[in-house]
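Student: Could you work out the structure for the sequence below:
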Amino acid sequence: MARPAYRFNTRPGRVFDVINVVILVAVGVIALIPFLYVLAGSFATEAEIATRPFFIWPETWSLRAYDAILTSPAFLRALVTTILVTAVGTAVQLLLTASMAYPLSKQNLPGRRLILSLVVFTMVFSGGMIPTFLVVKDLGLLNSYWALVLPMAINPFSLIIIKNFFQQLPNELEESAMIDGANEMRTLWSVILPLSKPVLATFALFYAVGIWNDFMSPLLYLTDNSMWTLQMFLRQVTSATDLSVLEDTPGEVPPAEGIKFAVIIVATLPILLFYPFLQKHFAKGMLIGSVKG
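Tutor: Residues are numbered from 1 along each chain as shown. Take a look at the predicted model:
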């Protein structure tokens, strides 16, 4: 007996779609309004910020705040540091995660169940802040940029998803590579990873956003002000009253509130610009590898 054809273009279905769209648009607008306020405040004058409690379009446009931070040696140093740490950290995390996920995707790996059990165990229980700090200290990583990368080099959730993705790839691909004389590392690099671009791009975005926005790791492991990342600089600027962190920015002293807004925008903008390049892989990468165990 043939299954009945389901009709989605019904009146209740259309009402649900309209309500769904209205709710999603409202939530999107609510989430966007604070960002627009910060963006407008970064281009406004000090007097307008002080007199207008809320606005999304400044009456008088000013670039003094951006001129101040973009000519500040401390800000430029923190920006370059964050970019390099994010790039290196993302590459290291993807490399280590894929290198561990590939052998775990093999059913005949000795001790595979025990290793996977330990991975799942770390998703539920962790050492916590103080034990992690003691480990980083004993390894001599304090005041080192590696302290921002290595403690979270392999994320258990990402590892399991990437492992499941590798398991779904046809075994014939690896067998063909082996016949051609490729070893395991060559097979991983030349066959498996090129076919895994959606899932790798997705977790590259996750890793990059996590490292870029990481505040606790620099706060715990970096005591040298010259090694500050952008989040530490942002914290210092938003909590300071004299803006001495700008290191004697040349020119007239810019509006204090405008500088805070401008730093927030500059700290947020790179991730927003980075996302569209990975958007085509994002939805596919989140679904692939999340079904089979």
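Student: nearest spatial neighbour of Leu150, skipping sequence neighbours?
Tutor: Leu141 (7.0 Å; Cβ to Cβ, 6 or more residues apart in numbering). No exception for glycine: its C-beta is placed from N, CA and C like everyone else's.
Student: Nearest residue to Thr122 in space, please, no chain neighbours.
Tutor: Closest to Thr122 by Cβ to Cβ, 6+ apart is Pro156, at 5.2 Å.
Student: should've said Glu257
Tutor: In space, and not counting its chain neighbours, Glu257 is closest to Ile49: 4.5 Å by Cβ to Cβ, 6+ apart.
Student: returning to that earlier point: which ones are touching the residue nearest to Thr122?
Tutor: Listed by Cβ atoms under 8 Å, 6 or more residues apart in numbering, the contact set of Pro156 reads Val119, Val120, Thr122, Met123.
Student: just to revisit the earlier point, and the residue nearest to Leu150, what is it in contact with?
Tutor: By Cβ under 8 Å, 6+ apart, Leu141 lies in contact with Ala147, Leu150, Tyr221.
Student: Could I get those in JSON lines, plus columns for pLDDT, distance to Leu63 and secondary structure?
Tutor: Conversion of these to JSON lines gives the following (pLDDT from 0 to 100; distance: Cβ to Cβ, whole Å; DSSP: H, G, I helix; E, B strand; the rest coil):
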{"residue": "Ala147", "pLDDT": "89", "distance to Leu63": "36", "secondary structure": "helix"}
{"residue": "Leu150", "pLDDT": "87", "distance to Leu63": "40", "secondary structure": "helix"}
{"residue": "Tyr221", "pLDDT": "90", "distance to Leu63": "35", "secondary structure": "helix"}
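Student: Look up how far Val149 lies from the residue nearest to Leu150.
Tutor: For Leu141, the distance to Val149 equals 10 Å [Cβ to Cβ, to the nearest Å].
Student: same deal with Glu175?
Tutor: Remark: distance between Glu175 and Val149 (Cβ to Cβ) = 36 Å.
Student: any idea which helix or strand of the protein has the worst average confidence?
Tutor: Least confident helix or strand, the chain: helix 256-287 with a mean of 74, by mean pLDDT, DSSP states H and E.
Student: Pull out the buried residues from the helix or strand hosting Val85.
Tutor: For Val85, the host element (DSSP states H and E) is helix 73-104. With burial defined by 16 or more other Cβ atoms under 10 Å, the residues of helix 73-104 counted as buried are 74-75, 77-79, 81-82, 85-86, 89-90, 92-94, 96-98, 100-102, 104.
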